[in-house]
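# Whatever this is, show me its structure:
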Amino acid sequence: MAPILLNSMGNEHSNYIQQVEYVKNPHLDSMEEDILYHFNLGTKTHDLPQMFGDVKFVCVGGSSNRMRSFAQFIHEQLNLPGNMADIRDICEGTDRYSMFKVGPVLSISHGMGVPSISIMLHELIKLLYHARCRDVIIFRIGTSGGVGLSAGTVVITDKAVDSFFRPQFEQVVLGKVIVRSTELDEDVAQELLQYSSELPDIPTVIGNTMCTHDFYEGQGRLDGALCSFSTEEKWEYLRKASEAGVRNIEMESTVFAAMCRVCNLKAAVVCVTLLNRFEGDQISTPHDVLLEYQQRPQCLVAHFIKKRLALIS
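Okay, the predicted model is just below:
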């Protein structure tokens, strides 16, 4: 079956899109109530514009604990009033995701893999729409495996590519394959790279990020319960990935880039490498060093937010 190609703007529901920002669903306005199930929020039960209308930056990452830590970190970086220990999980009524709001910044966990982050993104984008937010920038921050890069290198994603190194995301909808572009905002990426030079000891590059649907075989690892390929085939695949401009591998970037692009959200993916996949599959870095590495994307994004807020004020 031939795929249906949808570009970043598309022409579906074009009249509707001219009237709103972010969402691309003409059915939302006819609904009596929109329940954001996995956030434990709703348009009737919560005053979303009052709660979230001032949001300008959204940072998402896999781990609930890591996103709580980021919320506390950005609270400190922005010198906001109050005790950062009092920052509460807005989604505490559900165990699916965690959400923390600190001034104009939302910090949200998305779990692991494309299905988990895509569910979160649907509800996040609807939340921004119902809250009447404007000019929002969204970041995915996390960890990854490096391709030819040493551990601790921060990769700002140019294009999110699939396992065939194509800058696209395929979604099956009603038995049809929908293909969407995964290019990210070039200006935001360049601004992040510029600001990285102001941070000491955080090596940073821009490159393509490969998104896989599996942590083990899908990433060419030899340490899973199954392995259907040889060591030589693994090295050949990694070499091809490197030649295609891939600098790191993770599991969420394609759907993140595609959904943000089609919904008119400026977005960036900022992940640190925890190992160089050309050197093996197992992480050998000491735990305390790994913790410092994991904080590098947080530091860069926080620095970006501080710079942007200074320009606004």
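# And for Asp162, the neighbour number?
17 (other CB atoms under 10 Å). Where C-beta positions appear, they are placed from N, C-alpha and C, glycine not excepted.
# and the closest residue to it other than its chain neighbours, which of the three is it?
Nearest non-adjacent residue to Asp162, counting by CB to CB, 6 or more residues apart in numbering: Thr254, 5.8 Å away. State at Thr254, reduced to three classes by DSSP: H, G, I helix; E, B strand; the rest coil: helix.
# Thr254: what's it in contact with?
Going by CB atoms under 8 Å, 6 or more residues apart in numbering, Thr254 touches Val114, Ala160, Val161, Asp162, Gln168, Phe169, Thr182, Cys211.
# List the beta-bridge partners for the residue most central in space within the chain.
With distances taken as CA atoms, centre = their mean, the residue of the chain nearest its centroid is Arg140 (2.6 Å). Residues in a beta bridge with Arg140, per DSSP bridges, are Val60, Val269.
# just the one 4 residues further on next, same as before
On DSSP bridges, the residues paired with Ser144 through beta bridges are Thr273.
# burial measure for it, as a count.
Neighbours of Ser144 (other CB under 10 Å): 28.
# what helix or strand does the residue nearest to Gly148 when sequence neighbours are not counted sit in?
Closest residue to Gly148 apart from its sequence neighbours, by CB to CB, 6+ apart: Ser242 at 5.1 Å. With elements taken from DSSP states H and E, the one containing Ser242 is helix 231-243.
# what pairs with the next helix or strand after that helix, and is each one parallel or antiparallel?
For helix 231-243, the following helix or strand on the C-terminal side (DSSP H and E) is strand 246-250. Strand 246-250 has its sheet partners listed here by DSSP bridges as strand 137-146 (antiparallel), strand 204-211 (parallel).
# can you give me how far strand 246-250 is from the chain middle?
Offset of strand 246-250 from its chain centre (CA atoms, centre = their mean, to the nearest Å): 14 Å.
# Next, the angle strand 204-211 makes with the longest helix along the chain.
Longest helix in the chain, counting residues (DSSP state H): helix 287-312. Going by axes from the mean of the first three to the mean of the last three CA atoms, to 10 degrees, helix 287-312 is angled at 110 degrees with respect to strand 204-211.
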